[in-house]
Each structure stands twice: as structure tokens, then as C-alpha cells.
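**Student:** Generate a structure from the sequence data that follows.
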Amino acid sequence: MAKHGEPHRFGVSPAEAEVLCVFVHGRTQSPEDMLEQVIGRLSAGRIAYCLPRAEGNSWYAARATDALNDGTREALGASLDHLHGLVEDLRHAGGREKPLVIGGFSQGACLSLEYAMKFGPWNGAMVNLTGCRVGHSTDDRPCADLDGMPVYLTGSDLDPWIPVSAFAEASEALGRARARLRCELFPGRTHQASEMEVAALDAILTDLAVGSRPFRRVAA
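**Tutor:** As a prediction, this is how the structure comes out:
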């Protein structure tokens, strides 16, 4: 059983925050990578960030597009339980009910999507930068009713980890789960979080911090 590490915390304290955010790193990455590549580029204020840390820098060994097997199910389940514990701790530390954004990049985006399908929806939004569902469409996977929860999902035609077909399947799954879905595919974008994707996350956090529903503004 994986023993994931202590998360990196950033921003204001949960008690002082207007919005809570859990942002999950990708395969072979770290919370510090997410701070450099995504979170540190945001301008939204009064946000408490929790950046989880995977044992061995990965949440499960298989590719997201591989069929589920016993090993992947066990590792995925353990990572989802770990993430759930961090979310509950952050909510408790925040005091009163506050908007929550859960998201990630690459494998972290996939883990976040599976988290929503198992534990969603929540008050806030989900941001999946280069993500898809884990496993095949024929696998037995949970599918929550997301009841209009705002979700931002991105991908690229050149991404070696999340092909367009997996991005499309995730879009369909989120649509069937009744997410309020905004999808963007960036032709030619390599495996990274682009300036527009970071700006979209920033806009979602800013909207929630001032009490507005996400997607009222559009990234330039």
C-alpha cells in the first residue's frame, strides 16, 4: 500500500481563505513542480492551496489509457482515499463552508477526474489540465451525478500521454455526469500547462473568491 507524502501548502491559511484549492501533480512530478508551472503563475488572492505529494512521484504505475487491472485499481483506490483525506482536512481547517477547487495536471488531472466520479460533486469547481478517465470505457468505473458542477477540461492533439480519443471520452463522460463543462483542445501544445490554461484556472478561482459562478469570464 502506498504511503503518500506530506502535501506542500501555499497561499493564505485555510481559515483566512475565500477559496480552498487542491491541485495534484502529474506522473514523475512533485508539488514543487506544480508551484512553479501552475500555482505560482496565478494572481487570484485569498486562496489556500494544498498540493499533494505522491510516493515515488506517481499516483499509480499504469498509463491512464490502459485497461484497469487489480494493481491499478488498488493503487488508484489508495490515492483517491489519500486525496479524500486531504480534502476533508482542508475543509475542516477552513472553518465555515467555502468554495473548493480540485484539479491537477496530467496524471493529477486524471486522479482529480476519478475523484469527482467517486466523491463529487462539491461546492466549487474542478480543473483538469490534460486529463482523462483512468481505464477503458468497458471497465467498471464509478460515475457520479455532478449536478451542474463547473468543470474545465483541456487536452492537445500532440500530447503523448492523453490522446485526443481519451480527451473526447472524458468529455462525454463528464457530459453524461451532468457537469457544466468547458473543454479546450490546444493544437500543437506539448505536454505542459499553457498560459491560457493557467489563466482559465486563475479566472475560476477569482470568480469563486468574489462569490461568482465560474465561466462568467473568458480567458484572453
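
**Student:** Could you use CA atoms for every contact and neighbour count after this?
**Tutor:** Will do.

**Student:** I'd like the average pLDDT over the longest helix seen in the chain.
**Tutor:** In the chain, taking DSSP state H as the definition, the longest helix is helix 70-94. Taken as a whole, helix 70-94 has a mean pLDDT of 97.

**Student:** so what's Thr138 up against?
**Tutor:** Thr138 sits next to no residue when contact means CA atoms under 8 Å, 6 or more residues apart in numbering.

**Student:** helix/strand/coil for it?
**Tutor:** What DSSP: H, G, I helix; E, B strand; the rest coil gives for Thr138 is coil.

**Student:** Identify all contacting residues around the longest helix of the chain.
**Tutor:** 1-2, 4, 13-17, 20, 22, 50, 52, 59-62, 97-98, 111, 114-115.

**Student:** Can you name the element that comes right after it?
**Tutor:** As assigned by DSSP states H and E, the chain's next helix or strand after helix 70-94 is strand 100-105.

**Student:** Listing partners with orientation, what would you give for that following strand?
**Tutor:** Strand pairing for strand 100-105, using DSSP bridges, gives strand 19-24 (parallel), strand 124-129 (parallel).

**Student:** how near is the most centrally placed residue in the chain to Phe23?
**Tutor:** When CA atoms, centre = their mean is applied to the chain, the residue found nearest the centroid is Gly103 (1.8 Å). With distances taken as CA to CA, to the nearest Å, Gly103 is found 5 Å from Phe23.

**Student:** before we move on, back to that, kindly give a single ChimeraX line that selects the buried subset of the contacts of helix 70-94.
**Tutor:** Per 16 or more other CA atoms under 10 Å, the buried members of these correspond to this ChimeraX selection:
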select :4,13,14,15,17,20,22,50,52,59,60,62,98,111,114,115
